[in-house]
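J.: Whatever this is, show me its structure:
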Amino acid sequence: MNTLLPTSIVGSLPKPSWLSEPEKLWSPWKLRDDELREGKLDAQTLAAHEQRRAGLDIISDGEQTRQHFVTTFIEHLSGVDFDRRETVRIRDRYDASVPTVVGAVSREKSVFAADATRLRAAADQPIKWALPGPMTMIDTLYDDHYKSREKLAWEFATILNQEAKDLEAAGVDIIQIDEPAFNVFFDELKDWGVAALERATEGLSCETAVHICYGYGIKANTDWKVTLGAEWRQYEESFPLLQQSSIDIVSLESHNSRVPVDLIELLRGKKVMLGAIDVASDTVETPEEVVATLRRALPFVDADKLYPSTNCGMAPLGRRVAQDKMVALAAGAELLRRELP
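T.: Below is the predicted model of the structure:
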């Protein structure tokens, strides 16, 4: 990446109102069959155009072909029964009805490679693609086959590695693994979580990233964050391990969060994708506010390793708000570039 302070979004963008209900997580599709497939790809192309128009340097799919960042991937795997539902505790903070693992999990063909090929053709800039992480995947299912979170995680890590290699072959420059579960299950994080993450990205030549946040879009996440006190220090558990890992980039939230910015020092030597945009508010940041967030991080990460980004996905926001926030992110990064030697 030759650009100083390359900008990108973390993951999702709002979908067009003709594709699904706006400003709502996991809203049902409005189209069906071939029209749905065409509509998803049209929305992905539009999302790429909106990112380019905003001035972002790294383009993503905006998760326009996905209803959920975890289950859409799992839907394409064998061994999981979506009709057999069980209630489980997600992230140890809320109950949800989830599909059941009933047999050996496997991937018959790539889930996203065709979509990534379409995105590659639509963008001249580097492109990034996000996949759910092994620990977050197992936390979104009921396992009636392996009966071991670790065993299932390793199976998913192998499948994710197959998918990641197909995405790299399709022209993806950065493969991001989303692991919000890393902020919750600290014993598993240390025992096998980072190792499974590395298995998912093993053998890749493109850059790799992991995104860890505190969760957005649902009341259970908001309520949980209220209990965390004046400082959110959960990253202290994962950052030292990730600093020693093979992952290239670590993505975290910052703006309007209670994460002490000096925790970034624990990642010294890694590239840091820093959230300078609050995805839980409709208030659009000014470029100067983006600069202030980024500048506070510079004592703890070299400028050539800082990637300005959003705190998380922006699916629940209005499309105009999301567009304006992307513009502010790009403008803020440009202002800071002019300040730096």
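
J.: what residues does the helix-or-strand element of the chain with minimal mean pLDDT touch?
T.: Ranking every helix and strand in the chain by mean pLDDT, DSSP states H and E puts helix 219-226 at the bottom, with a mean of 82. With Cβ atoms under 8 Å, 6 or more residues apart in numbering as the test, helix 219-226 has contacts from 90-91, 93-94, 214-215, 232, 258, 280. Yep, even glycine has a C-beta here, placed from its N, CA and C like the rest.

J.: Kindly recompute the last result at 7 Å.
T.: Helix 219-226 is contacted from outside by 93-94, 214-215, using Cβ atoms under 7 Å, 6 or more residues apart in numbering.

J.: Show the buried residues in those.
T.: Buried by 16 or more other Cβ atoms under 10 Å: 214-215, out of the contacts of helix 219-226.

J.: Let's see which of the contacts of helix 219-226 end up in helices.
T.: Among the contacts of helix 219-226, the subset assigned to helices under DSSP state H is empty.

J.: before we move on, back to that, send the alpha carbons of the least confident helix or strand of the chain over as CSV?
T.: C-alpha atoms of helix 219-226 as CSV (Å, rounded to 0.1, in the frame of the first residue of the first chain):
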residue,chain,number,x,y,z
LYS,A,219,-29.7,-3.4,22.6
ALA,A,220,-27.8,-6.2,24.2
ASN,A,221,-24.5,-4.9,23.0
THR,A,222,-25.3,-1.3,24.1
ASP,A,223,-26.4,-2.6,27.5
TRP,A,224,-23.2,-4.6,27.9
LYS,A,225,-21.0,-1.7,27.1
VAL,A,226,-22.6,0.3,29.9
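
J.: going on from that helix, what's the next piece of helix or strand?
T.: Counting by DSSP states H and E, the next helix or strand C-terminal to helix 219-226 is helix 235-243.

J.: Pull the residues that contact that next one.
T.: Applying Cβ under 7 Å, 6+ apart, the contact partners of helix 235-243 are 182, 186, 189-190, 194, 210, 212, 250, 252, 259, 263, 266-270.

J.: from the chain's centre, how far out does that helix sit?
T.: The chain centroid and the centroid of helix 235-243 are separated by 17 Å under Cα atoms, centre = their mean, to the nearest Å.

J.: quick check: mean pLDDT across it?
T.: Across helix 235-243, the average pLDDT comes to 97.

J.: contacting residues around the helix or strand just after it?
T.: Following helix 235-243 in sequence order, the next helix or strand is strand 249-252 (DSSP H and E). With contacts defined as Cβ under 7 Å, 6+ apart, strand 249-252 is touched by 10, 176, 207-212, 235, 242, 259, 267, 270-275, 307, 309.

J.: tell me the mean pLDDT over stretch 177-189?
T.: The pLDDT scores in stretch 177-189 average 96.

J.: Give me the contacts around it.
T.: Stretch 177-189 has contacts (Cβ under 7 Å, 6+ apart) with 11, 69, 91-92, 130-133, 135-136, 139, 149, 193, 197, 200-201, 210-215, 234, 237-238, 241.

J.: Kindly recompute the last result at 8 Å.
T.: 11, 69-70, 91-93, 130-136, 139, 149-150, 160, 193, 197, 200-201, 208-215, 234-235, 237-238, 241, 247.

J.: Of those, select the buried ones using a PyMOL command.
T.: Listed next is the PyMOL selection for buried residues among the contacts of stretch 177-189, using 16+ other Cβ under 10 Å:
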select buried, resi 11+69+70+91+130+131+132+133+134+135+136+139+149+150+160+193+197+200+201+208+209+210+211+212+213+214+215+234+235+237+238+241+247
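
J.: Strands - which of the contacts of stretch 177-189 land there?
T.: With strands taken from DSSP state E, the overlap with the contacts of stretch 177-189 comprises 130-132, 208-211.

J.: Residue 75: neighbour count?
T.: Counted with other Cβ atoms under 10 Å, the neighbours of residue 75 add up to 14.

J.: My error: substitute residue 101 in the last question.
T.: Neighbourhood size, residue 101 [other Cβ under 10 Å]: 25.

J.: Surely it is in contact with residue 148?
T.: No. Taking contacts as Cβ atoms under 8 Å, residue 101 lies outside contact range of residue 148: 10.7 Å.

J.: For the stretch 51-200 of the chain, give me the ranges with low pLDDT.
T.: In the prediction, the stretch 51-200 of the chain carries no residues with pLDDT under 70.

J.: And the helices in it?
T.: For the stretch 51-200 of the chain, the helices defined by DSSP state H, counting those that start in this stretch cover 71-74, 113-122, 134-138, 149-169, 186-188, 194-200.

J.: Tell me which residues of the first one come out buried.
T.: Going back to what we said before, that points to helix 71-74. Within helix 71-74, the residues that count as buried by 16+ other Cβ under 10 Å are 71-74.

J.: what's the answer for the fifth one, then?
T.: Of the residues in helix 186-188, those scored as buried under the neighbour-count criterion (16+ other Cβ under 10 Å) are residue 188.

J.: How far off centre is that helix?
T.: Distance, stretch centre to chain centre, for helix 186-188: 20 Å (Cα atoms, centre = their mean).
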